[in-house]
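Chemist: the sequence and its predicted three-dimensional model are supplied below.
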Amino acid sequence: MSNCTIIEYQYCDAGNYKVSSSIRLQGVFKEEEIDMIQSSLYDAEYFIPEKVGMPPLQSLLWSEFGGCTEDDHQWHSIIEIRSATINDFTTPLHSTTSDLLAAFLNMQS
């Protein structure tokens with residue numbers, strides 16, 4: 001059993017161009033902690049990664065369009081929260097599950 005968690009998340013601009021990435025966290029979320037994160041999301045779906053210490057993904061699209069466009073915004077969505085597999089250990093360690101949970105809960109205040 002893995003002692004790390006992967007959060008896969010996505011940015012989709014107003015033109016429906018998408019890019020996704022993931023972060024690896026030390027620790028494992030309890031089911032109720034995942035529920036707490038999901039309930040902290042705006043409209044039960046969106047968050048601003050900078051507010052929780054996660055890297056924003058908009059700039060990954062900018063190389064295609066020569067910079068930001070009128071379709072850009074701040075909102076990202078979580079695709080999946082899951083246990084890390086052996087293949088995920090190439091993803092750099094970002095933080096801990098407890099630190100990220102605290103950041104999502106603080107985002108509500």
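Modeler: Looks like it came in fine.
Chemist: which residue ranges of the chain form helices?
Modeler: 31-40, 59-65, 97-107 (DSSP state H).
Chemist: what residues are up against residue 102?
Modeler: Listed by C-beta atoms under 8 Å, 6 or more residues apart in numbering, residue 102 has no contact partners. From N, CA and C alone the C-beta is placed, and that goes for glycine too.
Chemist: so how far is residue 95 from it?
Modeler: 10 Å (C-beta to C-beta, to the nearest Å).
Chemist: in this protein, which ranges drop under the pLDDT threshold?
Modeler: 1, 108-109 (pLDDT under 70).
Chemist: one more time with 90
Modeler: For the chain, residues meeting the criterion pLDDT under 90 lie at 1-2, 14-15, 17, 44, 58-73, 92, 107-109.
Chemist: against residue 31, how distant is residue 17?
Modeler: Residue 17 is 33 Å from residue 31, by C-beta to C-beta.
Chemist: do the same with residue 103
Modeler: Using C-beta to C-beta, one gets 19 Å for the distance from residue 103 to residue 31.
Chemist: neighbour count for those two, which is higher?
Modeler: residue 103 (17 against 7; other C-beta atoms under 10 Å).
Chemist: contacts only, for the closest residue to the more buried one other than its chain neighbours.
Modeler: Closest residue to residue 103 in three dimensions, ignoring its sequence neighbours and counting by C-beta to C-beta, 6 or more residues apart in numbering: residue 52, at 3.9 Å. The contact partners of residue 52, by C-beta under 8 Å, 6+ apart, come to 100, 103-104, 107.
Chemist: out of these, which end up buried?
Modeler: In the contacts of residue 52, burial by neighbour count holds for 100, 103-104, counting by 16 or more other C-beta atoms under 10 Å.
Chemist: with distance to residue 76 added, can I get those in JSON lines?
Modeler: Shown next, in JSON lines, are those (distance: C-beta to C-beta, whole Å):
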{"residue": "100", "distance to residue 76": "14"}
{"residue": "103", "distance to residue 76": "14"}
{"residue": "104", "distance to residue 76": "12"}
